[in-house]
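1. Turn this into a model:
(one chain, ligands or ions: 1)
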Amino acid sequence: MSVTTAPEATISPSGTPHEPRSTTRSAAAARERTAVLEDLIARSPGEYRVLTGDRPTGALHLGHLLGTVANRVRLQDLGVEVFLIVADYQVITDRDDAGDLPGTVREVLLDYLAAGLDPERSTVFTHSAVPALNQLLLPFLSLVTVAELERNPTVKAEAEAALLRQKRGISGLLFTYPVHQAADILFCHGNLVPVGVDQLPHLEITRTVARRFNQRYAAAQPYFPEPDALIAPSTTVLGDDGRRMSKSRGNALELRASEDETAAFFRRARTDADRVITYEPERRPEIANLLQIGAYFTGTSPEALADEVGAVGAGRLKAVVTEAVVEGLRPLRARRRKLLGRAPAPRGGARPGQRPGERDSGPHAGRRPRADGDAVLSTGCRGRGPGAPYLP
Ligand code: TRP
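-> Modelled structure (predicted):
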């Protein structure tokens, strides 16, 4: 992943611009901080609450698992409280048609549970299930300037993409998306956000919102945490066309795919003509991608896998990787099939205002979701009140 050196503004609480920092420098700092955080997490996981999530634009794929989902399961298993937002109101930030939202939310939920997110320990919710979260957008918008949003590199990149795709200007929703994301993180007092370095500017807005809110309205005792970025190990999985795996590109291997579909996916995957398999990510990205995937599922390193496969050609490598993925995903797929037999029933949302480590005393106390996939999530799909409609 490349990191730009576009100036990232830092604004003092009074709104006076400081010297701009480069994103590269802040990425390096965030990486250093991540190493410190990992150490702190290992020692006192109960101090941390992760907030992260996905927009429900389709079932999750292999890129999600290796890129983010496995890391969330790891944090959960370390004892960190994990809050996951299935960001249904944000689907229309970059498209007009939200598709079958209740259906897609359900697929994402099934993938989370199948991947090992345990509803006894982690909390999954949608925007539509927690109206108060969305309400926070209003006061939060008063805490940032238009100029700050305008120079957010992620907003800029997304605006350019929207322009290319839809040939029209950036919507107000896309423009204020980082502030809505701040509401996602802060409403539940999340203090840890696993992100890629490209997402750092977004998180900077959340930190700004928290800091300014505290200064203006809670000077005596800070109310919101300034969340830390936990830089995730950057794993970019390629699709069968050699580009980054993504649902919208139609090049993804969904986690829910069958074994035959998995084999067909890897048969289609691009390789090169060199019969000797070596791990050279720069020179041979497609081979390196297959080696990384295979290594992930067999618990070895890409280099070791390359040595093991040797001079037998890409066809053999594909067979080895297919086998590793089919075996590696077998438990996940079995759990998914089991869960599919049970329809999730709606329930109340997460517990706003509760801080990490705090005991549950809200209206949902004692009603933690159950591990069997029942009553895990209020998708707002059925029986939703007037306050939480699905956007068109
Ligand atoms: N924007 C994320 C995505 O790409 C989903 C998301 C919504 C999120 N709110 C968040 C991630 C807050 C981290 C923190 O799908």
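
2. C-alpha from now on. contacts and neighbour counts both.
-> Will do.

3. how about the residues of the stretch 51-200 of the chain near the ligand?
-> Proximity of the stretch 51-200 of the chain to the ligand, by CA under 6 Å from any ligand atom, involves residues Leu51, Thr52, Gly53, Asp54, Arg55, Ala87, Gln181, Asp184, Ile185.

4. among those, who's most crowded?
-> Most neighbours among those, by other CA atoms under 10 Å: Ile185, with 31 neighbours.

5. that's a helix at that one, yeah?
-> Yes. According to DSSP: H, G, I helix; E, B strand; the rest coil, Ile185 belongs to a helix.

6. Let's see the pLDDT reported for it.
-> Looking at Ile185, its pLDDT reads 98.

7. I'd like the residues of the stretch 51-200 of the chain next to the ligand laid out as a markdown table, including distance to Arg249.
-> Shown next, in a markdown table, are these (distance: CA to CA, whole Å):
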| residue | distance to Arg249 |
| --- | --- |
| Leu51 | 27 |
| Thr52 | 23 |
| Gly53 | 20 |
| Asp54 | 17 |
| Arg55 | 16 |
| Ala87 | 20 |
| Gln181 | 24 |
| Asp184 | 27 |
| Ile185 | 28 |
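
8. Farthest pair within the residues you listed?
-> Arg55 and Ile185 (14.3 Å; CA to CA).

9. that older thread, list just the nearest of the residues of the stretch 51-200 of the chain next to the ligand to Val130.
-> Nearest member of those to Val130, counting by CA to CA, is Asp184, at 10.0 Å.

10. ok, residues contacting the host helix or strand of Leu173?
-> Using DSSP states H and E, Leu173 falls within helix 172-175. Contact with helix 172-175 is made by Thr93, Asp94, Leu149, Glu150, Val155, Glu158, Ala159, as judged by CA atoms under 8 Å, 6 or more residues apart in numbering.

11. Surely the second one and Leu164 touch.
-> No. Contact between Asp94 and Leu164 fails when scored by CA atoms under 8 Å: they sit 11.3 Å apart.

12. which of these two has more neighbours?
-> Set Asp94 next to Leu164 and count neighbours by other CA under 10 Å: Asp94 wins out with 19 against 11.

13. Quick one, grab the pLDDT at that one.
-> So Asp94 comes in at 83 (pLDDT).

14. Tell me how many other residues crowd the closest residue in space to it that isn't next to it in sequence.
-> Leaving out its chain neighbours, the residue that sits closest to Asp94 by CA to CA, 6 or more residues apart in numbering is Ala162, at 6.4 Å. Neighbour count for Ala162, taken as other CA under 10 Å: 19.
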